[in-house]
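Here's my sequence, what's the structure:
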Amino acid sequence: MHDKQLSTEELIAQDVGARLPGAPMAQIIAGLALLWSLFQLWIASPLPFVFGFGVFNDTETRAIHLAFALLLAFLVYPAFKRSPRNYVPLLDIALGLVACAAAAYLFLAYEQLAQRPGNLTTLDLITACIGIPLLLEATRRALGPALAVIALVFLVYSVAGPYMPGLLAHRGVSFTALANHQWITTEGVFGIALGVSTSFVFLFVLFGALLERAGAGHYFIQLAFSLLGHLRGGPAKAAVLSSGLTGMISGSSIANVVTTGTFTIPMMKRTGFSSEKAGAVEVASSVNGQIMPPVMGAAAFLMVEYIGMPYVEIIKHAFLPAAISYIALLYIVHLESLKLGLQPIGNQQPKTWLRRLTGFAFGAALISGLSLAVYYGLGWLKPALGPYALEGIGVLLALVYLGLLKIAASVPVLPPEDPNAPLDALPETRAVLLSGLHFLLPVVVLVWCLMVERLSPGLSAFWGSVMLVIILLTQRPLLSWMRHDGSHDHGTFMDGVIDLREGMIAGARNMIGIGIATAAAGIIVGAVSQTGVGLVLADLVELLSMGNLLLMLMLTAVFSLILGMGLPTTANYIVVSSLLAPVVVTLGQQNGLIVPLIAVHLFVFYFGIMADVTPPVGLASFAAAAVSKGDPIKTGVTAFYYSLRTAALPFLFIFNTDLLLIDVDFWHGVLIFAVATVAMLIFAAGTQGFFLVRSRWYENVLLLLVAFTLFRPGFWMDIVHDPYRDIAPAELAQALDDVEPDSQLRLRVRGEDAVGDQRTFSLLLAIPDGANGQERLEKLGLALYEQDGKTLVDTVAFGSPAAEAGLEFDQEILSVRAPTESWPKELMWIPGFMLFGLVVWLQRRRRQG
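Got it, this is the predicted structure:
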């Protein structure tokens, strides 16, 4: 286990170019990392408020967080490729200490700075002038030159505004104002992004590192292998499932690739996959871990702040596309296995469809039953126990934990991870499943706190981590005590202490890059807010897209991919969402499409993740190639091809928000999930060129057409039957009289925007209850008047539904569209399935012939 862990650390270090120095510097770095983790646990916990000391405000915690990240970045990451890897030069130690002091300045001088906002002293200015360049240098070392160069460009642009050409010109920012905005206030480096890294992200990364150290990663791999190993391409399918499970808790593409990949990639190669295809399967499944709830990548926590939406809602909207994406990847692996003619492993006979279906139904019923028992059981306990609910639930968790450990002690120990072991036998599913059920308890605690208690993400991750700390400290001695057959010594309490220490150190080291990235991205966000360049870029993108929303989305996707080739997902998301998300929403309005903000932010998030795959700089592809010994560019190209389904989904859910479960009831959601999953499998078959047999070109076209029809039935239905009828704007009151309450009118409006420019846009107006149209118009808070044949807005009541929809005084209503008795768009699924039946018939006939 220790050798495997060491090799994984070396792989990660080799991939990111980090140092592995000897003693005593290794102990100093480990001590700093451990201290950082303890600090983050302290500020996330209720303890500072219980004991009345160590209570810090947001600015102070961000300053300490960045101080740790900067110091560790200079100690861990060498300046150049030729720089020493086995020791830390004195210059790097000095730079690290100076950078740490510059970041900690906001903590040390917080009270003085709060008393003189905007009035910089010489010391303030010197600190900012030292801190910003050192942050850029730490960014270059930890993440490569791309983010540092982009941040530097935005800094230069802030100062050089008056000298810029026409469209890009602005009045400019003084040197002092720049230093103040970027370093001394919370508008730049110490802004929202670093705040999210401090409050939420660290705790979740630490949670993942502790869970991995406890042995959950190995458990997930063995469980996936025992469940899927007997199928065609079993190790590849196990790689998808295990990477999905570990990705849910790690949220890091590269760490996921080298953690699960060291075991799964050699397995895949030995069953018949080429080095490139084995690496590509691991990359495609690991990268998608960042979109898989309940623990998504760091960017998901930024959405909480940027959109102002609870994390629970983001999980709900993100679940369906992520689940569909993983199911489709399993199917792609199956198709690849068929193409390569791979055979199942071992002597187990392939299960019949009936047995598979029964097993699946039993598993689903078991999970559903456990979920309902946890939800309703603990929900009933809370009011029953009253003020002692926390203690009661704690005792119940302890009893369940001891019971699950007793079960784990009754089954054989999991075999060590050995990718070179013979593939003639598979682990028994029941024994593997029972050996690690206690690893699910921290995830249950985390999900319970997030979904039921509705605690903040940071506090939820804290309680999940507390459960993990208890498991790490106690599982070894308890398992050794409970295992009566003497077949295995699990270790002592001190071994658990070492596991806890190493897990905390690993979590902090994994956070260095994320902490630095969020701080450097804060420079870009600060420059955008200080110069107004966001509006300029919005105009530029709108000009390039010629007002076409689909072209605009393609430009946004390409922009995300290009940026993502040099930026980590988190920084990419911050930059693209702050620059382009509002533009997509506005352009959608102008095209008559109401795009929810969550759909746009998930769109940007997905393509930021795709950049980890995309050649020529896909970092996860390079990490996989280091394990598989394959060509990194070929691995990246193949992984991108496998990930086409992930690239298609964002376009689909922009135009069909049902996929994000927006305004969808439970049974409609189940139907959407079933049909969308079938559609994605058909899309995978169309892009892979293989279904029942190798497909002909026209069959691929038909399969893609069927997939599109199932995903976007409304596209065809709107052509067949327009769901709206046109009404003259002057007859708005009569239109309100005719339509059903709770339906919506679609208005096309012309008016001035915040800058004073004329623009045309669409908006939806929800219809309130009322006896007649005039009364409904009054409830909307809207009064209209006629002038020169135009219908204009006279007054809009403050805080009224009309004001919230975006109507303002003196806007012209160009057109009104009222809903008709529309046909269900799902009717278009019928011709879609008929076309699919034609392809099935063609391929079955060819296979039999």
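
Make sure Phe263 is actually in contact with Ala224.
No: Phe263 lies out of contact with Ala224 (Cβ atoms under 8 Å); the separation is 10.3 Å. In short, each C-beta sits where N, CA and C put it, glycine included.

What is the neighbour count of Ile470?
Number of residues near Ile470 (other Cβ atoms under 10 Å) recorded here: 17.

If you could redo that for Pro165, that was the one I meant.
6.

I'd like to know how far it sits from Ala79.
Per Cβ to Cβ, to the nearest Å, Pro165 is found 35 Å from Ala79.

Could you do Thr59 as well?
30 Å.

now for stretch 688-699, what's the gap between its first and last residues?
12 Å (Cα to Cα, to the nearest Å).

Quick check: buried residues in it?
688, 690-692, 695, 699 (16 or more other Cβ atoms under 10 Å).

Tell me the one of those residues nearest His488?
His488 has its nearest neighbour among these in Gln688, at 43.8 Å by Cβ to Cβ.

Quick check: which element contains the spatially closest residue to that closest one that is not a sequence neighbour?
Among residues not flanking Gln688 along the chain, Leu335 sits closest, at 4.7 Å (Cβ to Cβ, 6 or more residues apart in numbering). Secondary structure from DSSP states H and E places Leu335 in helix 311-340.

Over to Leu135?
Under the assignment here (DSSP H and E), Leu135 is part of helix 122-143.

Show me what that helix is packed up against.
For helix 122-143, the contact count by 3 or more Cβ pairs under 8 Å, 6 or more residues apart in numbering; DSSP states H and E identifies helix 58-76, helix 90-108, helix 145-159, helix 175-179, helix 493-531 as packing neighbours.

contacts for the helix or strand containing Gly195?
Gly195 is part of helix 192-196, with elements assigned from DSSP H and E. Applying Cβ atoms under 8 Å, 6 or more residues apart in numbering, the external contacts of helix 192-196 come out as 58, 62, 65-66, 186, 298, 301-302, 304-306, 515, 518-519, 521-522, 525, 570, 574.

redo that, cut-off 7 Å
58, 62, 65-66, 301-302, 305, 518-519, 521-522, 525, 574 (Cβ atoms under 7 Å, 6 or more residues apart in numbering).

Likewise for stretch 296-314?
192-193, 196-197, 200-201, 251, 290, 318, 450-451, 454, 457, 514, 569-570, 573-574, 577, 597-598, 601, 605, 608.

For those, I'd like a selection string for PyMOL - just the buried members, please.
The PyMOL command for the buried members of the contacts of stretch 296-314 (criterion: 16+ other Cβ under 10 Å) is given here:
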select buried, resi 192+193+196+197+200+201+251+290+318+450+451+457+514+569+570+573+574+577+597+598+601+605+608
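
Which ones among the contacts of stretch 296-314 map onto strands?
Among the contacts of stretch 296-314, no member falls in strands (DSSP state E).

I'd like to know which of the contacts of stretch 296-314 are part of helices.
192-193, 196, 318, 457, 514, 569-570, 573-574, 577, 597-598, 601, 605, 608 (DSSP state H).

from these, which two are the most distant?
Ile514 and Leu597 (23.9 Å).

can you give me the helices for the stretch 701-849 of the chain?
Using DSSP state H, counting those that start in this stretch, the helices of the stretch 701-849 of the chain run over 713-720, 732-738, 773-779, 801-805, 829-848.

how big is the angle separating the first one from helix 829-848?
Right, helix 713-720. 120 degrees (axes from the mean of the first three to the mean of the last three Cα atoms, to 10 degrees).

Name the surrounding residues that touch helix 713-720.
656, 709, 823, 825-829.

can you pull the buried residues of that helix?
713-714, 716-717.

about what we covered before: pull the most distant pair out of the contacts of helix 713-720.
So, these by Cβ to Cβ: farthest apart are Asn656 and Trp823, at 16.5 Å.

Now for Val312, how many residues are close by?
Counted with other Cβ under 10 Å, Val312 comes out at 17.

ok, now Ser465?
Residues near Ser465, counting by other Cβ under 10 Å, number 28.

Look up the closest residue to it, ignoring the ones flanking it.
Phe207 (5.2 Å).

OK, contacts around the one you found?
When the contact criterion is Cβ under 7 Å, 6+ apart, the partners of Phe207 are 249, 461, 464-465, 468.

That one in helix, strand or coil?
Assigned with DSSP: H, G, I helix; E, B strand; the rest coil, Phe207 falls in the helix class.

circling back: from the contacts of helix 192-196, pick the one nearest Ala771.
Glu305 (43.2 Å).

so which strand or helix has that closest one?
Short version: Glu305 belongs to helix 298-307, going by DSSP H and E.

Go through that helix and flag the buried ones.
So for helix 298-307, counting by 16+ other Cβ under 10 Å, buried means 298-304, 306-307.

Domain-wise, how is the protein divided?
2-185, 194-491, 724-822 (automatic domain parsing).

Any idea how far the shortest one is from the middle of the chain?
For domain 724-822, the distance between its averaged C-alpha position and the chain's averaged C-alpha position is 37 Å (Cα atoms, centre = their mean, to the nearest Å).
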